[in-house]
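S.K.: This is a predicted model, with the sequence first.
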Amino acid sequence: SLRAGGALLTYAGPVEEVRELAAPLFALKPEIAIDTDIAYTDLQCMLDDPPGLRNYWSAEYLTSFPDEAVDVFCARGAEIPMPTATQHVLFPLGGAVTAGAGPYPQPWRTAPWGVHPFATWEDPAMDEPAIQWVKDVRADARPWSIDSVYLNFTGAEGEQRVVDSFGEENYRRLAAVKAAYDPDNVFRFNHNITPTAA
């Protein structure tokens with residue numbers, strides 16, 4: 001079975017600048033190195049699951065990524081169910097996302113790391129091991145989790161996961177807005193906020 005690792009560095013600026021910034025990575029002499037301009041829309045969809053594949057994914061956002069977390073993350077990478085097109089993704093976060101104060105309804109803005117197990121496969125017989133692998137990656141990351149995550153990186157994981165990802169107070173505020181503008185909960189798909197008067 002083939003398992004490969006890679007690093008994706010994105011930079012909003014000229015290619016020449018990113019080449020200088022990424023010089024330490026290129027000095028490691030990777031098997032493949034591509035540096036090019038890419039449209040933001042193309043970058044944004046690079047991790048999308050290919051149409052027609054079965055898939056299951058989730059995420060944990062972390063307070064830190066110490067050596068112990070690195071060890072369990074890497075060990076779980078060696079256990080990706082095969083054959084699949086599964087991705088074992090680690091995102092360094094922070095930067096501009098954390099800048100500035102404000103009543104944002106995303107408590108995860110200050111998390112420095114995101115673990116994103118992204119299982120994709122073809123054979124229905126792989127459903128159980130692929131889904132279990134994603135759940136195991138999440139369980140591995142829980143000791144460092146902030147209990148809040150960007151909900152686009154999760155599936156149907158229950159109402160409490162939605163509440164945790166917004167934070168209790170933010171969720172109550174959003175539920176009051178929903179009660180005012182959508183009291184019948186017409187817009188209820190994906191990660192629903194149940195309309196509730198404040």
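M.R.: Now that the structure is in, tell me what you want to look at.

S.K.: For I131, give me its contacts.
M.R.: By C-beta atoms under 8 Å, 6 or more residues apart in numbering, the residues touching I131 are Y56, A119. Where C-beta positions appear, they are placed from N, C-alpha and C, glycine not excepted.

S.K.: try 6 Å this time
M.R.: By C-beta atoms under 6 Å, 6 or more residues apart in numbering, the residues touching I131 are Y56.

S.K.: did I read that right, it in a strand?
M.R.: No - counting by DSSP: H, G, I helix; E, B strand; the rest coil, I131 falls outside a strand, being helix.

S.K.: how about stretch 92-110: buried residues?
M.R.: By 16 or more other C-beta atoms under 10 Å, the buried positions in stretch 92-110 come out as L93, Q106, P107, W108, R109.

S.K.: Now do the contacts for the second one.
M.R.: Spelled out, it's Q106. Residues near Q106 by C-beta under 6 Å, 6+ apart: none.

S.K.: How many residues are close by the closest residue to F65 other than its chain neighbours?
M.R.: Distances taken as C-beta to C-beta, 6 or more residues apart in numbering put W113 closest to F65, at 4.5 Å, once the chain neighbours are dropped. By other C-beta atoms under 10 Å, the residues close to W113 number 20.

S.K.: Dig out what W113 forms beta bridges with.
M.R.: Beta-bridge pairing for W113 (DSSP bridges): L62, P92.

S.K.: Give me the pLDDT for it.
M.R.: In this model, W113 is scored at 94, pLDDT.

S.K.: A strand includes L28, no?
M.R.: No - when classified by three-state DSSP, L28 is found to be coil rather than part of a strand.

S.K.: if I look at it, how far off is G6?
M.R.: 12 Å (C-beta to C-beta, to the nearest Å).

S.K.: re the thing from before, of the buried residues of stretch 92-110, which pair is most distant in space?
M.R.: L93 and P107 (12.8 Å; C-beta to C-beta).
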